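S.K.: sequence and predicted structure below; questions after.
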Amino acid sequence: MEKNDEVPPLEEAAGNTPPEPVDQALAVLAEEKAVADDTQTLLLDAILSFDRMVCFAQAARAEVIDKLRQWTDATAEAGLPLTARGRRDTEWSPQKAAHEGLVAELAALLKLPSGVARNLMFESDLLQHRLPATRDALRRGDISYRHAEVVMENAVSLPPEAWKAFEDEALTNSETLTVPQLRRKAVKVREFTHPESIAIRHQKALADRNFWVSPGRDGMGYLEMTLSNEDAAAIADRVESLAKNLKVHDETRTLAQLRTDAATDLLLKGVTETGLGAGVRASVFVTVPVLTLLGQSEEPGTLEGFGPIDAETARRLAGTATSFTRILVHPETGAVLSFGRTKYKVPDDLKNWLRLRDGTCRAVGCNRRAADCDIDHTIAWEHGGETVFSNLSSLCRPSHRVKHETGWSVVQGEDGTLNWTSPAGRHYATHPETRIRPTIPLTEPTLTTKPLTYADPWSIPATNSKDCPF
């Protein structure tokens with residue numbers, strides 16, 4: 001469906017009947033027609049229309065809640081009596097009493113906890129008066145309320161004068177992003193929009209580091225930590241490496257269970273049950289602007305999977321930490337200039353370039369780390385595809401199977417954009433996380449392999465868990 005930039009006024013929406021796609025789909029279902037060629041399209045259009053209606057209704061609700069808040073404030077300021085009269089000797093001002101009374105009224109009306117109702121009033125004010133582009137995107141159905149919440153929660157952590165610049169950048173192409181993808185983007189945009197140095201903010205935040213345990217159901221519990229991104233990234237990658245080393249052919253535990261067991265063993269014993277301890281190193285990418293590395297700029301670096309880090313931390317990790325792979329980028333364009341590597345085997349370096357470029361799985365809506373994905377030939381080798389940078393992308397194993405086992409198809413653009421077509425004929429695009437062009441020779445004969453002759457690619461014995469046979 002084409003995007004409609006017109007935002008209908010609230011008064012018109014009140015009497016709107018369901019849009020035409022909804023009527024058509026409901027008619028198909030009501031008449032119990034045999035499955036026709038266009039039935040799938042009608043039903044998909046109906047789902048999208050209903051979803052847009054939900055988004056519009058949530059935007060309209062925010063507008064009405066804010067109107068109610070304004071009316072309540074105006075009534076209190078005018079000294080007019082309210083329906084519910086409080087004690088004359090209360091310490092609350094008329095405005096405070098009116099506001100708290102409205103929170104209680106809204107909570108009871110919508111069956112919400114008072115804290116949630118209070119936050120809903122605050123968000124309604126933000127959408128109506130401070131983040132108008134987010135409000136309009138929600139009313140059009142370009143984003144959901146959960147997307148809007150991501151924009152709001154990041155915006156309010158900025159000084160008000162930075163809100164518009166942040167909102168404009170965060171909402172660019174937001175209609176193509178899932179909530180986790182928008183959250184990753186919003187965090188990055190916030191860091192580069194914030195007028196205060198990330199180094200100063202990091203030191204303040206570091207003082208709030210914490211560790212706590214909370215009980216769960218069925219004899220289980222939750223262990224949580226708040227710590228620096230660099231430590232969190234190294235810990236996560238270390239646990240992942242340990243878990244994969246434990247995943248031998250006769251291991252019955254899932255990877256999730258192995259991660260938990262490995263982390264538990266490390267905390268309680270210092271090593272895992274197989275003795276794997278300090279011998280396993282984490283490997284995380286840290287991207288550093290070249291002028292930052294030279295000490296001529298304080299532009300933040302980026303930690304793979306976590307986002308921006310202050311310049312001092314970026315320089316330290318790039319210069320001394322063996323657990324991190326240094327990536328240098330151009331100070332103006334952001335293009336990759338150098339890929340720190342100690343290995344000369346081209347296929348391994350090629351995987352690293354793809355991991356850096358893609359960031360996450362390149363399937364529509366997937367947010368799994370590229371480091372944990374297969375390397376897929378966009379055009380399969382047996383169909384003439386080459387093992388070159390422009391024909392490869394990161395796909396997690398489930399998405400990889402969907403590409404090869406279902407009617408989904410994909411074409412890769414020169415800039416690394418993947419243009420997907422679903423079995424229903426709908427088009428979606430996913431974009432690389434980093435602007436990058438390889439400088440290593442990716443077309444040398446050493447990259448090519450024998451054409452596949454297997455009938456079932458999933459039965460091919462893999463020599464590497466990250467290598468898929470196509």
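M.R.: Sure, I can see it. A quick note: this is a predicted structure, and the numbers were derived from the prediction, not measured.

S.K.: so what's the residue count around Ser241?
M.R.: Number of residues near Ser241 (other Cβ atoms under 10 Å) recorded here: 16. No exception for glycine: its C-beta is placed from N, CA and C like everyone else's.

S.K.: again, but for the one 3 residues further on
M.R.: Residue crowding around Lys244 was assessed by other Cβ under 10 Å; the count is 16.

S.K.: how far off centre is the helix or strand hosting it?
M.R.: Under the assignment given by DSSP states H and E, the secondary-structure element containing Lys244 is helix 229-246. Computed by Cα atoms, centre = their mean, to the nearest Å, the chain-centroid distance of helix 229-246 equals 20 Å.

S.K.: for stretch 144-155, same thing?
M.R.: Between the mean C-alpha position of stretch 144-155 and that of its chain there is a distance of 12 Å (Cα atoms, centre = their mean).

S.K.: neighbouring contacts of it?
M.R.: Contacts to stretch 144-155, defined as Cβ atoms under 8 Å, 6 or more residues apart in numbering, come from residues 51, 54-55, 58, 123, 126-127, 130-131, 134-135, 137-138, 163, 166-167, 170-171, 174, 177, 179, 182-183, 186-187, 189-190.

S.K.: list the helices and strands the lengthiest helix in the chain packs on?
M.R.: Counting residues, the longest helix found in the chain (DSSP state H) is helix 39-78. Using 3 or more Cβ pairs under 8 Å, 6 or more residues apart in numbering; DSSP states H and E as the contact test, the elements touching helix 39-78 are helix 10-13, helix 20-30, helix 94-110, helix 114-125, helix 132-140.

S.K.: low-confidence regions, the stretch 301-450 of the chain specifically.
M.R.: When residues are selected by pLDDT under 70, those of the stretch 301-450 of the chain lie in 305-306, 317-347, 349, 435-450.

S.K.: domain parsing for the chain?
M.R.: 10-142, 284-339, 353-459 (automatic domain parsing).

S.K.: mean confidence score for the longest one?
M.R.: I take that to be domain 10-142. Computed over domain 10-142, the mean pLDDT rounds to 80.

S.K.: same check on stretch 264-271?
M.R.: Per-residue pLDDT values across stretch 264-271 average out to 80.

S.K.: same check on stretch 227-239?
M.R.: For stretch 227-239, mean pLDDT is 85.

S.K.: then it to CSV, C-alphas only?
M.R.: Included here for stretch 227-239 are C-alpha records, laid out as CSV according to Å, rounded to 0.1, in the frame of the first residue of the first chain:
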residue,chain,number,x,y,z
LEU,A,227,28.0,-1.7,33.7
SER,A,228,30.0,-0.1,30.9
ASN,A,229,29.3,-1.1,27.4
GLU,A,230,32.9,-2.2,26.8
ASP,A,231,32.7,-4.7,29.7
ALA,A,232,29.2,-5.8,28.8
ALA,A,233,30.3,-6.5,25.2
ALA,A,234,33.4,-8.5,26.3
ILE,A,235,31.5,-10.5,28.9
ALA,A,236,28.7,-11.3,26.4
ASP,A,237,31.1,-12.4,23.7
ARG,A,238,33.2,-14.4,26.2
VAL,A,239,30.1,-16.3,27.4
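
S.K.: that one: how far from the chain's middle?
M.R.: Relative to its chain's centre, stretch 227-239 lies at 18 Å (Cα atoms, centre = their mean).

S.K.: give me the buried positions along that stretch.
M.R.: Residues Ser228, Asn229, Glu230, Ala233, Ala234, Ala236, Asp237, Arg238, Val239 are the ones in stretch 227-239 that count as buried (16 or more other Cβ atoms under 10 Å).

S.K.: got CSV for those residues, with distance to Arg401 too?
M.R.: Formatted as CSV, the entries for the buried residues of stretch 227-239 read as follows, by distance: Cβ to Cβ, whole Å:
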residue, distance to Arg401
Ser228, 37
Asn229, 32
Glu230, 34
Ala233, 28
Ala234, 31
Ala236, 25
Asp237, 25
Arg238, 28
Val239, 26
